[in-house]
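**Student:** build me a structure from this.
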Amino acid sequence: MKYKILIFILFIFSLSFGQVEYTLENSDSIPTKNKITFTQFEISVPLQGNKNHGEIYPDGRTNNSWFVPDGINANFGYGIHFNKWLGLTANSGIGMKLSEKLVVAPLFSNLRIMPKITEETRIGIDIGLGHTFALGRGDLSGPFKRIKLNLEADDMQLFIEVVSYGFELNNNSQGSLSLGIALVSF
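**Tutor:** Numbering: from 1, shown residues only. Predicted coordinates:
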């Protein structure tokens, strides 16, 4: 019985000193709970080496493009973060390579490392690992690997990424080099 009374007194004592009181003078002074989840939507364009680089057109112009667009990719991710610079997401998406007539659906996790370089700007890297499924190609699939270099201002990113789909098609390993833009919502 003594222990029950002692525990009850300690409980009441901790409640009375554990209270925090706020006066509503300004609603901005009320502390808010930080949200630890975020979403990310990316659109990128895979690039292919230009086979016609250096070719001279009939009107005298020269084809100086090193790369040409070769499809489109879109990914969506949902994850958790620590101070916007360290995060982990679960991602899915769809990608298309026109030169190979290939459509893929990757499922992957992504590690985000984005330290600040100025007050509003971050630069960093994303590393993704998972699995890729080729759509309409039977059971063709493989391990998905991605590395992405980011420049982020506010909630928008510009990036360049290198992706490996982890399988061969037409005796060539499949993957892409892409340029893209992402919207990140914290």
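
**Student:** nearest residue to the residue nearest the centre of the chain in space, please, no chain neighbours.
**Tutor:** Centroid check for the chain by Cα atoms, centre = their mean gives Gln40 as the closest residue, at 5.6 Å. Once flanking residues are discounted, Gln40 sits nearest to Gly77: 4.3 Å by Cβ to Cβ, 6 or more residues apart in numbering. To be clear about C-beta, it is placed using only N, CA and C from the backbone, and glycine gets the same treatment.

**Student:** can you list the weak-confidence ranges in the protein?
**Tutor:** In the predicted model of the chain, residues 1-33 satisfy pLDDT under 70.

**Student:** which strand or helix spans the nearest residue to Leu151 once chain neighbours are set aside?
**Tutor:** Spatially, and ignoring its direct neighbours in sequence, Leu151 is nearest to Leu158 (5.0 Å; Cβ to Cβ, 6+ apart). Using DSSP states H and E, Leu158 maps to strand 156-169.

**Student:** thinking again about what came up before, partner strands of the helix or strand that contains the residue nearest to the centre of the chain, with direction?
**Tutor:** Using DSSP H and E, Gln40 falls within strand 37-49. Paired neighbours of strand 37-49 in the sheet (DSSP bridges): strand 67-69 (antiparallel), strand 71-82 (antiparallel), strand 172-185 (antiparallel).

**Student:** of the ones you listed, which is nearest Leu149?
**Tutor:** strand 172-185 (10.6 Å; Cβ to Cβ).

**Student:** next, the angle strand 156-169 makes with the closest one.
**Tutor:** With axes from the mean of the first three to the mean of the last three Cα atoms, to 10 degrees applied, the angle from strand 172-185 to strand 156-169 works out at 160 degrees.
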